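**Q** sequence plus the predicted model coming up.
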Amino acid sequence: MNKERTSDVLEWRSSCPIASGLDVLGDKWSLVIVRDLIQHGTRTYSEFLASPEGVSTNILAARLKWLAAIGVIEHVDPERSARNNAYRLTPAGLALRPVLEELGRWSQRHLKSYNPDIVDIL
């Protein structure tokens, strides 16, 4: 992670590790991108756009750039243009797998009565 680059674009709310994690990953799309990479290994920009949640092109481009800048994802082939490149998780991104799995379990236990369409992943 390039601390100088991220500190220029991110204002930390506090020294709390949960708040800091949410500063980085708490938007609507970052964990969906990570989820797709956990499920598929690599994804192209077009494949992310095809996800059922319907992220817009400008938001997707910004989130991919941000997640790469903070070291959560990386280009599969750094020499290839971003337009024709695929993304994959870095070790830091892979470390989010248990977080997403637990979030999924929590959602199934506590939100299924509100959203009966939640799929079973357990």
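**A** Yep, it's here.
**Q** and residue 99, how far is that from residue 37?
**A** 14 Å (Cβ to Cβ, to the nearest Å). For glycine as for every other residue, the C-beta is placed from the backbone atoms N, C-alpha and C.
**Q** of these two, give the one with the bigger neighbour count.
**A** Using other Cβ atoms under 10 Å, the more surrounded residue of residue 99 and residue 37 is residue 37, with 24 against 13.
**Q** I'd guessed that one sits against residue 89; true?
**A** Yes: if you go by Cβ atoms under 8 Å, residue 37 and residue 89 touch, sitting 4.8 Å apart.
**Q** now the common contact residues for those two.
**A** Here residue 37 and residue 89 share the contacting residues residue 73, scored by Cβ atoms under 8 Å, 6 or more residues apart in numbering.
**Q** mind giving me the packing neighbours of the longest helix along the chain?
**A** Longest helix of the chain, by residue count under DSSP state H: helix 97-111. The elements that helix 97-111 packs onto, with contact taken as 3 or more Cβ pairs under 8 Å, 6 or more residues apart in numbering; DSSP states H and E, are helix 30-40.
**Q** I appreciate the help and will end here.
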